[in-house]
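> turn this into a structure:
(chains A and B)
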There are 2 protein chains.
Amino acid sequence: MDAKSVIQQVKEQKNEIRQVYWVACGGSLVDLYPAHCMLMAESTLVESGIYTSREFILATPKKLGAHSLVILCSHSGGTKETLDAAELGLSKNAAVVMMTNHPGSPADSDQWISWIYPWGDNLKTCEIPSGISLSLAAELLAAQETFEAYGALMEGIEKMDEIVAKAKVRVRRELCDRFAQLCTKHPFLYILGSGASFSQTYGFAICSLMEMQWQHCAYIHSGEYFHGPFEVTENGVFYFLQKSSGKCRPMDERAEDFLKTHTDCLMVLDALDYGMDIIDPAVRDYLDPVLFYPMNCELRSARGKVFDHDVDYRRYMGKVAY
Amino acid sequence: MDAKSVIQQVKEQKNEIRQVYWVACGGSLVDLYPAHCMLMAESTLVESGIYTSREFILATPKKLGAHSLVILCSHSGGTKETLDAAELGLSKNAAVVMMTNHPGSPADSDQWISWIYPWGDNLKTCEIPSGISLSLAAELLAAQETFEAYGALMEGIEKMDEIVAKAKVRVRRELCDRFAQLCTKHPFLYILGSGASFSQTYGFAICSLMEMQWQHCAYIHSGEYFHGPFEVTENGVFYFLQKSSGKCRPMDERAEDFLKTHTDCLMVLDALDYGMDIIDPAVRDYLDPVLFYPMNCELRSARGKVFDHDVDYRRYMGKVAY
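Modelled structure (predicted):
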């Protein structure tokens, strides 16, 4: 499956797309956010909205209709809210594209366009949801209007594989031990980020740490930090900053400058220092999250080893009724 | 100043408005979110985007132009990012409306439409940003398309004053002491909410608690809770749930059901039980935040007394360079 032919198929069905709604839950929602940011910033024609699946169902936009494209992701293929949201899209005559890791699951349905993606280590960015969603947004932009950075984005998606592979080795060597050790000393930490990467700030908090490590933490937008949250900063409070390499970097730099002198417990993962310098600045903001996600995985794994807490262990998810 | 004449003036300038961008920082941004949610849900014509001011400047939507309306709020009147964002709007030929509490401040400028609002206890909802922003959105909807709930919303804004006055008394009596006591026993808490009220979930965390009380906490969307964050829940972990009364309530109810049996430390503020039953269900979701904000204020004040931490005390904001 490829994004160009999916968008061609959507365009044949619906002629013009005027709204794109990105709909999923938790970690799957995280992977859709950079493409939402890209459409918000780059399109002169299409509006973009992003929703956790249940809110899409309960607070459905009135515009959802025959010129809408609903792009969803259910990793397990059985996320009830996401399946219901896809059905809602169909019932409103929207085009529906569903990504899932599980062939044969309810998400893999002839009712809509299903895109089965692989999962695991060392996959190509173009094969997984973070790359697929950006490609879908880029193809839609290119098909309906001009998108000057199309080539830069597609080339960037290719380049990310090597950047990620190299960055993993360095993060293991340079950051993992210290991160895990700091977690043993801090029952709680703050994670900061901005722009499209704020998705991975959120994902690091709610998926990698809360879900997979039972580690208390909070996610804060680097730009918002100065409008309230910075008052809790002091020595002894642990901050992890995802410093992005693209257009939103000035917000992260400002947060870093303050944190450097107002806490003795700061870790920074600087995307520009971990390989993003070879990406065209016009698309760095959208691709930084592709770098941050596997680094989050390295960090949580390192913590898991120190705490003897397997990242795949759950006490509630898929185990109890809720 | 009234919302109808502001929208008339905007319409005279720009003829048709196709995009509304809500732009502010911290607590001011919180007050704009419900109106953004209302436009997203209710409009068939206008798209809506919400940004922290610096991100609006760094990741400006390409659509920002002669059919855009930028609605900003700077409480102090001097928030640099917000003033820069207003200038950016002007430079792109957009209509610009700026709310501020400070007459004579840079935000109070003839360059754009300035709306000076009062601040303090016992003000009418229609006079303050949470009410003004909803009114602006409602008047825009009514001026350009049909908005069936217009009457219900305007009537609801009037009714909120009495609901808030009564709820304050009850929250003081029923919740404040327990909240403050729980804070003495818990270095950290989670705050949950959904829909338009998620703005007040965020605001309670970053403004009332982090900024004004130096209380560590995290804000979690009730719908997203089951897709990761609930794995940290156990006895001894403190949760505060803002249970909304409108269309998104099922997400809060589900979170409450789980929390009731998986932590021994849960507080619930149920909007429906605190007066929202007299509001038309069609607009409850947008008005719940108007209730939650003053309740957040009561709770933080109660904590402040127990901790001897004045809610107006800051160590960084407006005091050091950043």
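
> kindly export the helix or strand hosting A:Phe179 (C-alpha atoms) in PDB.
With the criterion set as DSSP states H and E, the secondary-structure element containing A:Phe179 is helix A:177-185. Once non-C-alpha atoms are left out, helix A:177-185 reads as follows in PDB (Å, rounded to 0.1, in the frame of the first residue of the first chain):
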ATOM      1  CA  ASP A 177      21.800   5.100  32.400                       C
ATOM      2  CA  ARG A 178      21.400   8.600  33.700                       C
ATOM      3  CA  PHE A 179      17.700   8.700  32.900                       C
ATOM      4  CA  ALA A 180      17.100   5.400  34.700                       C
ATOM      5  CA  GLN A 181      19.200   6.400  37.700                       C
ATOM      6  CA  LEU A 182      17.300   9.700  38.000                       C
ATOM      7  CA  CYS A 183      14.000   7.800  38.000                       C
ATOM      8  CA  THR A 184      15.200   5.800  41.000                       C
ATOM      9  CA  LYS A 185      15.700   9.100  42.900                       C
END
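
> other SSEs contacting it?
With contacts defined as 3 or more C-beta pairs under 8 Å, 6 or more residues apart in numbering or on different chains; DSSP states H and E, helix A:177-185 has these neighbours: strand A:238-243, strand A:266-270, helix A:281-307. From N, CA and C alone the C-beta is placed, and that goes for glycine too.

> so which of these is nearest chain B?
Nearest to chain B among those is helix A:281-307 (6.8 Å), distances taken as C-beta to the nearest C-beta.

> what about the closest residue to A:Arg178 other than its chain neighbours, how many neighbours?
Nearest residue to A:Arg178, sequence neighbours excluded (C-beta to C-beta, 6 or more residues apart in numbering or on different chains): A:Met267, at 6.6 Å. For A:Met267, the tally of surrounding residues (other C-beta atoms under 10 Å in any protein chain shown) stands at 17.

> report the beta-bridge partner residues of A:Met267.
With DSSP bridges applied, the residues forming beta bridges to A:Met267 are A:Phe240.

> thought it was touching A:Tyr239?
Yes - using C-beta atoms under 8 Å, A:Met267 is in contact with A:Tyr239, at 7.3 Å.

> residues from the stretch 151-300 of chain A in reach of chain B?
With C-beta under 8 Å from any C-beta of the partner chain as the criterion, the stretch 151-300 of chain A comes near chain B at residues A:187-188, A:194-195, A:205-207, A:210-212, A:214-221, A:223-224, A:226-233, A:237, A:247-248, A:250-251, A:254, A:257-258, A:262, A:285.

> so which of those residues belong to helices?
The subset of those located in helices under the criterion DSSP state H comprises A:Met212, A:Pro250, A:Met251, A:Arg254, A:Asp257, A:Phe258, A:His262, A:Asp285.

> surely A:Tyr33 is within a strand?
No - going by DSSP: H, G, I helix; E, B strand; the rest coil, the assignment for A:Tyr33 is helix, not a strand.

> tell me how far the closest residue to chain B within the stretch 151-300 of chain A lies from B:Phe240.
When scored by C-beta to the nearest C-beta, the stretch 151-300 of chain A has A:His227 as its residue closest to chain B, at 2.7 Å. Relative to B:Phe240, A:His227 is positioned 21 Å away (C-beta to C-beta, to the nearest Å).

> would you turn the ones in helices among the residues of the stretch 151-300 of chain A next to chain B into TSV with neighbour count, distance to A:Gly104 and pLDDT?
TSV is the format used below for those (neighbours: other C-beta atoms under 10 Å in any protein chain shown; distance: C-beta to C-beta, whole Å; pLDDT from 0 to 100):
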residue	neighbour count	distance to A:Gly104	pLDDT
A:Met212	25	26	98
A:Pro250	15	47	98
A:Met251	29	43	98
A:Arg254	17	49	98
A:Asp257	12	51	98
A:Phe258	21	51	98
A:His262	18	53	98
A:Asp285	27	36	98
